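Peer 1: Fold the stuff below for me.
(2 chains)
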Amino acid sequence: MPSQSTLSREMLVNAKAAHDQAAAQPSADRLLAVAAGHEVPSEVHEQVLAENPVLEIDRFNLWYGSKQALHGITMPIPNNKVTALVGPSGCGKSTLLRSVNRLNDLVQSVRITGDMRLNGDSIYDPRMDVIDLRKRMGMVFQKPNPFPMSIYENVVYSLRIDGENNRGVLDEVCELSLRGAALWDEAKDRLHDSALGLSGGQQQRLCIARAIAAEPEVLLLDEPCSALDPIATGKVEELIQELRGRYSVLIVTHNMQQASRTSDYTAFMYLGRLIEYGPTTEIFTKPILRETEAYVTGRFG
Amino acid sequence: MNFKTPRPRRLRSAHSSLNAHGEAWVWLTGGSLALAIAMITGLLLFIMIRGASTFWPAAMELVELKDGRAVLGEITGREDFIDRSNGTAMHVARKLVRTANFDITGNHYEWFDEGAIASTSRPEWGTAVERMEGGRFHGFPLRILDKERVVAEGASQTWQAFQEMHPAARKRFREALWIDRHDRGALQRRLRAARLAVVQADLNAGRESRAYLSAVVAEKAVIASVAEQSMALDAKTASLRDQNAGWGVEFVTASGEKTILPLALIVRAWQPNRLSTAGKCGVYFSRWWEFLADDPREANSAGGVFPAIWGTVAMTLIMALLVAPFGVLAALYLREYAVRGPMTTAIRIAINNLAGVPSIVYGAFGLGFFCYVLGASIDDLFFKASLVADNQPTFGTGGLLWASLTLALLTLPVVIVATEEALSAVPNSMREGSYACGAGKWQTIRRIVLPRALPGIMTGLILAMARGAGEVAPLMLVGVKKLAVELPIDGTFPFVHPEREFMHLAYLIYDVGFQSPNSQAARPMVFTITFLLVAIIALLNVSAIWFRSRLQRRYIAQHF
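Peer 2: Numbering: from 1, shown residues only, chains lettered A, B, ... in the order given. Okay, here's the model as predicted:
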């Protein structure tokens, strides 16, 4: 892919320049520097750049009104891998995630610069049909949000709105998606009951089934376990493990153990900036920055 | 550093603080609720008891006065008053007696001082008679006459013969009435249609045209056939009326006057002092049935209210059908599409203010716009012949459709506000979930938002229906009439006549209660009609609530 190489080279150059600049600064703590409003470079491990990206975020800035929430985020999301976004509350993880499928368009005061590319197609191109774009992605939210209809109709919702009414196709997609979300055995006898009768954990897996029913190119998970109990959380984490390799997953989480257990790559964000981004094992065991280590080990944040 | 230990906060005893315990507030809030419940149930009970007891056959009392007069009637009330007529103030009790026999005495009711009453008794043969005209009659049966011939003599024989002959006579009477009202009405309508066709052809093509000539020929044919059919009907009704003519029941009143009542004009008669409880129930229910199923008589103060029930229900349902789509669509735009700003706020305030506009203003608007502008243009386009030939507007005057539209307008704010509330109660996470699935705005609204908001929308509609069904003032201007026996749906083409004027229970309450020449006799009817109206509104509401709870079970279940 041509875009990959350009982005990588550019990023490396940028990163190097910023790195040199930061090294020249007296204050070594980048988090304090960020808090003081200084520019800091992002430490991006080379291994990330070697991956084949499904989604490229390119110098992305975002403002809510006059308040800037994202500062020049540049990161490639590897294909068919699980990438976790971690960082303290208010660091812009969810905003970044919601920018990927342009859900932030619904907020009137949002303004952006920069771009994102999904398999090479510019997401913020004015000619991009946002409805088509969202059909290429699936999203799961913090709180389970099943629709007020049957389990079956919930799963095949994205097909229904495309006008698919062939019973055979719908049945097949429903079963495949529910199996994919590890909910089939629990739900197969009550497919036509209200989805609102499921337990919280089941509802969240139903939302995952709904998200994967349309065969998305990227799966966006916005703290999918934060409203669930430990057992339901375990099931959803297991499910993410199973999705690994088949889907490109971008997951926002507050839970360091969850990030380390489920993801291949981890990005650490702070106050709207990407601080460090690399393979999960390296981020958790030998990160480049002390600040990252402090955060993932719980000494800060 | 020098820290001072803070002085420990003095704890106030919880017993000293009424606020903390909040018991005063429990009493206050609970008391308010109790007061509201007491007022509502009190009013309903009062209406129910008065309304339901109207038709109960009360005992017939023979009241003999000290001055030698005697009256027969139902004692309906008693009151204390201060009599100042002879200089000194005296507490006096008096009784209200329904004496009936308006045609003889000129009164329906009469007050008697208790001091003036010599005795009261309940004579076995005291009879109450409901007549087609002239109100109630109270007296004792003497004999049954066929012209001059005496058929039965003496109270018990007369009563027996009356009960045998009365149903057949009433049946013939009703048959003749039906022929007069409906069959003859149909003939009249045919004549009118033919006449209007001629006028229409004249208007369309002029007098020399072939269409006009053929319409004239057709009219002649219709006139001939109607005349022929009319003769046949005449013969039929004449024979029915002949069979009834001459039959009469002679009664004597308590004061000794003899009167012959034509048999066919007696609606029903009963002797409450002889009736068992079951017999009284029979009379009670037969009067209820007449009330619910028959047309009114005697300036609406007797008979039934069927046309008004029909009009009320039809108008309320049509209003609901009209207001629901308008209100829901308007609220959808306001809540889902419109960009929030000063404009939407202004619109919202305007809608809320609309709910405070006096309803008579809506009536005036309905008359001025719907009847005189919209209706007049419809008449001009489609019903010109009637306007030209009879100077009679079709849609250009009040009618069921315009009344329903006016009330739809009146209840629109209720529906819009309730729908907006329901829409804002739909969690945003559901909308986002739908957008994230690639659904468009309208798909999200139709598949997620609307089903979820439907119970709330139904609540608004229930409120609107209750408000609309109880409204009187605007209806007086846009089509409700004192008497309109022809229903807006009947057997004549095109079966549905939304332009027709109609009757309405709420208006009937006003009419019977305050416009009736015989207000004392009409008063029990007012309670009964009110009771009926409240019952109908309650029934409409209960069915809507049942429907809503079904929707709720379907769309909003509990979490976890």
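Peer 1: Without its sequence neighbours, what residue ends up closest to the closest residue to chain A within chain B?
Peer 2: Closest to chain A within chain B is B:G438: 3.4 Å, counting by C-beta to the nearest C-beta. All C-beta atoms are positioned from the backbone trio N, CA, C, and that covers glycine. Closest residue in space to B:G438, ignoring its immediate chain neighbours: A:K135 at 3.4 Å, by C-beta to C-beta, 6 or more residues apart in numbering or on different chains.
Peer 1: same for the top strand by length along chain B, what does it pack against?
Peer 2: Of all segments of type strand in chain B, defined using DSSP state E, the longest is strand B:70-83. Contact here means 3 or more C-beta pairs under 8 Å, 6 or more residues apart in numbering or on different chains; DSSP states H and E; on that basis strand B:70-83 packs against strand B:61-65, strand B:90-98, strand B:109-113, strand B:136-146.
Peer 1: same thing but 7 Å
Peer 2: Helices and strands touching strand B:70-83, as assessed by 3 or more C-beta pairs under 7 Å, 6 or more residues apart in numbering or on different chains; DSSP states H and E, comprise strand B:61-65, strand B:90-98, strand B:136-146.
Peer 1: between it and strand B:61-65, how big is the angle?
Peer 2: 70 degrees (axes from the mean of the first three to the mean of the last three C-alpha atoms, to 10 degrees).
Peer 1: Given strand B:70-83, what are its sheet partners and their directions?
Peer 2: Paired neighbours of strand B:70-83 in the sheet (DSSP bridges): strand B:61-65 (antiparallel), strand B:90-98 (antiparallel).
Peer 1: residue contacts, B:E471?
Peer 2: For B:E471, the residues meeting the contact criterion (C-beta atoms under 7 Å, 6 or more residues apart in numbering or on different chains) are B:359, B:407, B:410, B:506.
Peer 1: Okay, and which of those map to helices?
Peer 2: B:359, B:407, B:410, B:506 (DSSP state H).
Peer 1: which two in the residues you listed are spaced the farthest apart?
Peer 2: Across the ones in helices among the contacts of B:E471, the two members that end up farthest from each other (C-beta to C-beta) are B:L410 and B:A506, 13.3 Å apart.
Peer 1: mind checking the backbone torsions on the residue of chain B closest to chain A?
Peer 2: With angles defined as degrees, to the nearest 10, B:G438 shows backbone torsions of phi 90, psi 20.
Peer 1: Pull out the CA atoms of stretch A:102-119 and give them to me as CSV.
Peer 2: Below are the C-alpha coordinates for stretch A:102-119, written out as CSV (Å, rounded to 0.1, in the frame of the first residue of the first chain):
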residue,chain,number,x,y,z
ARG,A,102,-17.7,10.4,12.5
LEU,A,103,-20.2,10.1,15.3
ASN,A,104,-18.8,13.4,16.5
ASP,A,105,-20.5,14.9,13.4
LEU,A,106,-23.7,14.8,15.6
VAL,A,107,-22.2,17.3,18.0
GLN,A,108,-22.8,20.8,16.6
SER,A,109,-19.7,22.5,17.9
VAL,A,110,-17.1,20.1,16.7
ARG,A,111,-14.4,21.2,14.3
ILE,A,112,-11.5,19.2,13.0
THR,A,113,-8.4,19.4,10.9
GLY,A,114,-6.2,16.6,9.6
ASP,A,115,-7.6,13.3,8.2
MET,A,116,-8.1,9.6,8.7
ARG,A,117,-7.9,7.0,6.1
LEU,A,118,-9.8,3.7,6.1
ASN,A,119,-8.0,1.3,3.8
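Peer 1: Centre of the chain to it, how far?
Peer 2: Centroid displacement of stretch A:102-119 relative to its chain, using C-alpha atoms, centre = their mean, to the nearest Å, is 15 Å.
Peer 1: neighbouring contacts of that stretch?
Peer 2: By C-beta under 7 Å, 6+ apart, the residues outside stretch A:102-119 that reach it are A:3, A:54-65, A:95, A:98-100, A:122-124, A:130, A:133, A:136, A:217-218, B:432, B:435-436.
Peer 1: again with stretch A:191-204
Peer 2: Residues beyond stretch A:191-204 that count as contacts (C-beta under 7 Å, 6+ apart) turn out to be A:140, A:144, A:146-152, A:154, A:183, A:186, A:206, A:224, A:227-228, A:232, A:235-236, B:557, B:559-560.
Peer 1: now swap in stretch B:487-495 and tell me
Peer 2: So stretch B:487-495 is in contact with B:186, B:189, B:307, B:310, B:314, B:400, B:496-498, B:500, B:502, going by C-beta under 7 Å, 6+ apart.
Peer 1: could these be laid out in CSV, adding pLDDT?
Peer 2: Listed next are the contacts of stretch B:487-495 as CSV, based on pLDDT from 0 to 100:
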residue, pLDDT
B:A186, 84
B:R189, 84
B:P307, 90
B:W310, 90
B:A314, 89
B:L400, 90
B:V496, 77
B:H497, 80
B:P498, 81
B:R500, 84
B:F502, 87
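Peer 1: Take those residues and write them to TSV, including neighbour count and distance to chain A.
Peer 2: Conversion of those to TSV gives the following (neighbours: other C-beta atoms under 10 Å in any protein chain shown; distance: C-beta to the nearest C-beta, whole Å):
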residue	neighbour count	distance to chain A
B:A186	15	51
B:R189	12	50
B:P307	22	43
B:W310	17	38
B:A314	19	34
B:L400	26	37
B:V496	12	36
B:H497	19	42
B:P498	18	37
B:R500	20	43
B:F502	27	40
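Peer 1: out of those residues, what pair is the most spread apart?
Peer 2: Checking these with C-beta to C-beta, the most distant pair is B:A186 and B:A314, at 21.8 Å.
Peer 1: Give me the most central residue, chain A.
Peer 2: Averaging the C-alpha coordinates of chain A gives a centre point, and the residue nearest to it by C-alpha atoms, centre = their mean is A:L250 (2.8 Å).
Peer 1: Report the contact partners of the closest residue in space to B:A205 that isn't next to it in sequence.
Peer 2: In this structure, B:A205 finds its nearest non-sequential neighbour in B:A211, 4.9 Å apart by C-beta to C-beta, 6+ apart. Listed by C-beta under 7 Å, 6+ apart, the contact set of B:A211 reads B:201, B:204-205.
Peer 1: ok, B:L410 and B:A506, which is more surrounded?
Peer 2: For B:L410 versus B:A506, neighbours defined as other C-beta atoms under 10 Å in any protein chain shown are more numerous around B:L410 (26 against 20).
Peer 1: Walking through the chain, point out its strands one by one.
Peer 2: Chain wasn't specified; assuming chain A. In chain A, the segments counted as strands under DSSP E are A:43-44, A:53-64, A:67-78, A:82-86, A:110-118, A:121-122, A:137-140, A:218-222, A:248-252, A:265-270, A:273-279.
Peer 1: Not quite, go with chain B.
Peer 2: Assigned by DSSP E, the strands in chain B fall at B:61-65, B:70-83, B:90-98, B:109-113, B:117-121, B:127-131, B:136-146, B:149-153, B:247-252, B:258-262, B:266-270, B:296-297, B:302-303.
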